[in-house]
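Enquirer: No sequence on hand, only this structure:
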């Protein structure tokens, strides 16, 4: 260095030669090279140190995350029904299909999918330990909906819950699956293995906790199980986490292997292998240039069932009662305590029974419904859900009990049966109120207090005390609330009607309510039809009219038209020809019975009729009279009937008939006569009818009565 400064001084004083310049440059290059080498060496050392630190941090962070969730796994969620039907509870999108398909037949928590000694394992957890929400209102046994409190701590909006989520209700564990979300109301199913939404087995008060059971899976993706690098970046194995129906998310990179090793259950060992993010010359590196670290940690599963304990002996049911007048929907069950294991040895403290499971069903050996009363030897089963299920009309129910200890679920006791023998109580407060404007009677009654009523049947009669006919069955029964039910019996003809109502529970019909009655009446006549016309054809006539405005088919008036009456008209006399025409008809063909003029009346359901609507075929019909015998006179033997006929048009014929005998042609026309032999007739009153017809097809008719008296 001293020579360097001397050279500089010399250059400043005397200048410098080419050799001197080259020597100076070489010295500078050597100095720079040495400094650069030192810097590169320091950078490599720093990078290696950082990668080692990062590797260690990744390992510890991954282990911490896994241990935290592993220790939560199974807490308050290991109910036998839940673990026994995992495939029914858990939707396929909640379980990973890669790199392995999770086997639900294990029915344990956690589910460890073994990748072998060389490939990473997969572990699937069920976690239900965090407060999610509370109930806004109480939920009764059998209910298929619950309402969440939007003001509760932890409520994150209705989107917090989704269809297929699994939840736990109450500190006493009851599992349910979310099958519908509407605002802060969830539709739930407590037994997905059975078709349809199954209701709650227990009742819960407001502010009861509702926790979501989250399904979490962990696995390591590396070159061995993802050679196409679809799920990871080449050269960077990664620990991934799947949460419920979501996709895999990265937890930590460069985690190369994960193994779950059973060790003195309920204890396990978690073993993670992590490597540096790149290859390097590490002091303790492996042959492929990576530095690796392996961390093993012990953890204990919560709520783990110890495999070292034998399951308990099966309890025995000692009594079944209920389903009677005092408890129409409740079965009271009592059973013996299980104090020995399946080999008959007394259960130790560690293996003692902790819970009992009570099952019940309307068919033998099915155990559709389950209750968890805890560590007790009696419970009450509210079976109103089954009692009101139309799929089960039986009145016999099958009950069995099993014990739960650290060795698992015992065998179920022999099923005992109990029968439903209680018919619903009588309906009360039945009233009947008639309405003259709508020809109806409205019935009203209060709800029956029985918990298994599914319908109210309405019966009607026109005679007090019956016999009654069922006219309606109301299935809109709401249980657990006070409600007034109504039914309107409409379109009633005028009469007095008597009613009773009975409750029905799928098995029995209850006693009759007290009889009530009211009367339908109407003094208002309906409106007559308009545009009335007719067309003769031989002995028949076709009549046409416009339907009355009171007809029910067009929605006007009081809708009480029952039909129409058709009349034949002659000389001011109205003869009813037809009374069977219905309310909806506007045309009718009938036998004219010799009449040439007709009328029509509207009749309502209370037999009130409109005024006659007439239509004459002849503006000036011919006239005819009977001059002898006189009306009311007594005749005998041969009687000559005389009369006169008159018309603006030429006459065609004059005929007479006696009572219903065939008509006879008379002698003459304007002055006419007919000889009537009464000698062979039975004494009595006879009607003589005479009719005249002109060439305009117009007719006139007259009648009178005489008394035939032949002999004493």
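Expert: Here it is on my side, so go on. None of these values were measured; they are calculated from a predicted model.

Enquirer: Please enumerate the helices of this structure.
Expert: In the chain, the helices defined using DSSP state H lie at 2-14, 18-72, 80-84, 86-89, 384-387.

Enquirer: Check those for me: which has the lowest mean pLDDT.
Expert: In terms of mean pLDDT, the lowest-scoring of the helices of the chain is helix 2-14 (a mean of 47).

Enquirer: Can you give me the distance of residue 497 to residue 515?
Expert: According to C-beta to C-beta, to the nearest Å, residue 497 and residue 515 sit 11 Å apart. In this view, the C-beta of every residue, glycine as well, is placed from N, C-alpha and C.

Enquirer: who has more neighbours, these two?
Expert: Neighbour count, other C-beta atoms under 10 Å: between residue 497 and residue 515, residue 497 has more, with 21 against 17.

Enquirer: Could I get the contacting residues of that one?
Expert: Going by C-beta atoms under 8 Å, 6 or more residues apart in numbering, residue 497 touches 432, 441, 460, 461, 462, 489, 517, 518, 519, 520.

Enquirer: Pairing partners for it in the sheet, please.
Expert: On the basis of DSSP bridges, residue 497 is bridged to residue 518.

Enquirer: ditto for the one 4 residues further on
Expert: Listed beta-bridge partners, residue 501: residue 458 (assigned using DSSP bridges).

Enquirer: shouldn't it be in contact with residue 459?
Expert: Yes: counting by C-beta atoms under 8 Å, residue 501 does reach residue 459; the two are 7.2 Å apart.

Enquirer: between those two, what contacts are shared?
Expert: Common neighbours of residue 501 and residue 459, using C-beta under 8 Å, 6+ apart, are residue 512.

Enquirer: For residue 521, grab the count of nearby residues.
Expert: By the other C-beta under 10 Å criterion, the neighbourhood of residue 521 contains 12 residues.

Enquirer: ugh, wrong one, I meant residue 681
Expert: With other C-beta under 10 Å as criterion, residue 681 counts 15.

Enquirer: again with residue 274
Expert: Using other C-beta under 10 Å, residue 274 is surrounded by 30 other residues.

Enquirer: how about the residue nearest to residue 426 when sequence neighbours are not counted, what does it touch?
Expert: Nearest residue to residue 426, sequence neighbours excluded (C-beta to C-beta, 6 or more residues apart in numbering): residue 511, at 4.1 Å. Residues in contact with residue 511, defined by C-beta under 8 Å, 6+ apart, are 423, 424, 425, 426, 502.

Enquirer: do residue 399 as well
Expert: 317, 320, 331, 333, 358, 359, 360, 381, 415, 416, 417, 418.

Enquirer: Kindly report the same for residue 622.
Expert: Contact analysis of residue 622 by C-beta under 8 Å, 6+ apart lists 645, 646, 647, 648, 649, 651, 692, 693, 694, 698, 699, 700.

Enquirer: Name whatever forms a beta bridge with the first one.
Expert: Pointing back at residue 645 there. residue 624.

Enquirer: quick one on the thing from earlier: mind checking which of the contacts of residue 399 are in strands?
Expert: Per DSSP state E, strands hold the following members of the contacts of residue 399: 317, 320, 331, 333, 358, 359, 360, 381, 416, 417, 418.

Enquirer: pLDDT value on the first one, please?
Expert: You'll see residue 317 listed with a pLDDT of 92.

Enquirer: So what's the residue count around it?
Expert: Other residues near residue 317 come to 17 when the count uses other C-beta under 10 Å.

Enquirer: I'd guessed it sits against residue 402; true?
Expert: No: in this structure, residue 317 is not within contact of residue 402 by C-beta under 8 Å, at 11.1 Å.

Enquirer: which residues do those two both contact?
Expert: Common neighbours of residue 317 and residue 402 (criterion: C-beta under 8 Å, 6+ apart): residue 413.

Enquirer: quick one: residue 589 from residue 564, how far?
Expert: Here residue 589 is placed at a distance of 14 Å from residue 564 (C-beta to C-beta).

Enquirer: more crowded one of the two?
Expert: Using other C-beta under 10 Å as the criterion, residue 589 and residue 564 rank with residue 564 on top: 28 against 14.

Enquirer: Let me see the contact set for the more buried one.
Expert: Residue 564 makes contact with 529, 545, 581, 583, 585, 588, 600, 601, 602, 603, according to C-beta under 8 Å, 6+ apart.

Enquirer: Please tell me which one of those counts the most neighbours.
Expert: residue 602 (27 neighbours).

Enquirer: hang on, that residue packs against residue 609?
Expert: Yes: the pair residue 602 / residue 609 is scored as a contact, 6.7 Å apart, by C-beta under 8 Å.

Enquirer: I'm done for today, thanks for sticking with me.
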